[in-house]
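S.K.: Next one to model:
(one chain, ligands or ions: 2)
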Amino acid sequence: MTADKAAADRQHKARTAKHKEAVDKRIAAANVDKGLLLVVTGNGKGKSSSAFGMVARTLGYGQKAAVFQFIKGKAEVGERAYFARDPNMRWERCGEGFTWETQDRDRDIAAARAGWEKAKEALSDPSVHLVVLDELTYLVTYRYLSLEEIMPAIEARPAMQHVVITGRAAHDALIEAADTVSAIRDVKHAFRAGIRAQQGIDL
Ligand code: ATP
Ligand code: MG
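M.R.: Ligands and ions are numbered 1, 2, ... in the order given. This is a model prediction of the structure:
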C-alpha cells in the first residue's frame with residue numbers, strides 16, 4: 001500500500017466515523033412514537049403506490065389497514081386484489097367516477113360524501129393502524145368536501161393511528177398539518193411516449 005493510499009484510507013475512515021456519530025446522535029434523539037399524517041403529492045408517478053407500500057408494511061406486522069379510494073376511474077389496482085386476502089385489510093372504492101367520466105357532479109359529490117362517512121369510521125377506530133385516503137386532495141380541489149369537514153376528523157383520530165393522503169395539488173392546510181410531506185416531481189412518464197398503463201406498474 002502506498003503512503004498516499006494509507007492516508008486517504010485513514011481520512012475516509014475518520015470522515016465516515018464522524019458521519020456515523022452524527023447520524024447515531026440524531027437517531028437517539030428521535031425517540032417519540034406518534035400516529036403520523038403523511039401527504040404524498042406532486043405531479044409525478046408514485047403517490048398511490050407509495051401509500052399502498054405502507055399498507056403492505058402495516059399488514060406485514062399483522063396490523064389493520066384501511067384504504068379509501070376516492071376516485072373510481074383510478075380504482076382498479078393490483079394491490080387491492082392482493083391485499084383483499086388479508087383479514088386485516090379494509091379496502092373501499094368510494095368514487096362513482098370522475099367528473100370528466102361521469103359528467104355528473106351531483107353523483108360525484110354524493111359518492112365522495114358516502115366514502116368520507118366510511119373513512120370517518122376508520123379514523124375513529126383505534127384498532128386501525130393505518131388509514132389511506134387515496135386521491136383525497138381532489139375532493140378538496142373540486143369542493144366535494146370542505147377542509148372544515150376533513151381536518152377535525154383527521155386531528156381527532158386515535159393517537160397512534162397513521163394517515164396517508166395522496167393526490168396532486170395538496171391544499172396548504174393539509175401540508176401544514178402533516179408530519180411528513182413528499183412532492184413527487186414529474187421528470188418523465190411513459191404515457192407521454194404513447195405507452196398505455198401497464199399491469200403491475202400503473203395499476
Ligand atoms: P401510482 O398509482 O402509479 O403511484 P400516482 O398515484 O402518483 O400513481 P395518479 O395521479 O393517481 O398518480 O395516477 C395514477 C395513474 O396515472 C397511474 O397509472 C400512473 O402511472 C399514471 N400517472 C401518474 N403520474 C402521471 C403523469 N405525470 N403522466 C401520466 N400518467 C401519470
Ligand atoms: Mg394515485
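S.K.: what's the weakest-modelled helix or strand in the chain?
M.R.: The helix or strand of the chain with the poorest confidence is helix 99-102; it has a mean of 56 (mean pLDDT, DSSP states H and E).
S.K.: Can you name the residues in contact with whichever helix or strand comes after that helix?
M.R.: Remark: after helix 99-102, the chain's next helix or strand is helix 105-123, criterion DSSP states H and E. Identification of contacts with helix 105-123 by Cβ atoms under 8 Å, 6 or more residues apart in numbering yields 66, 68, 70, 72, 90, 92, 94-99, 102, 128, 131, 133, 139, 142, 144-145, 149-150, 153-154, 156-157, 161, 163. In short, each C-beta sits where N, CA and C put it, glycine included.
S.K.: Buried subset of those, written for ChimeraX?
M.R.: For anyone working in ChimeraX, the buried entries among the contacts of helix 105-123, judged by 16 or more other Cβ atoms under 10 Å, can be selected with:
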select :66,68,70,72,90,92,94,95,96,97,98,102,128,131,133,139,144,145,150,154,157,161,163
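S.K.: For the longest helix along the chain, what is the distance to the chain centroid?
M.R.: With residue count as the measure and DSSP state H as the assignment, the chain has helix 3-29 as its longest helix. For helix 3-29, the separation from the chain centroid amounts to 35 Å (computed by Cα atoms, centre = their mean, to the nearest Å).
S.K.: average model confidence for it?
M.R.: Within the predicted structure, the mean pLDDT of helix 3-29 is 92.
S.K.: now do stretch 66-81
M.R.: Averaging pLDDT residue by residue across stretch 66-81 gives 87.
S.K.: before we move on, what about stretch 53-62?
M.R.: The average of the pLDDT scores along stretch 53-62 is 98.
S.K.: Tell me which residues are up against that stretch.
M.R.: Stretch 53-62 is contacted from outside by 38, 64-65, 67, 79, 83, 86, 88-89, 129-130, 132, 162, 164, using Cβ under 8 Å, 6+ apart.
S.K.: Just the ones of these in helices?
M.R.: Where the contacts of stretch 53-62 overlap with helices, as defined by DSSP H, the overlap consists of E79, F83.
S.K.: Great, nothing more from me.
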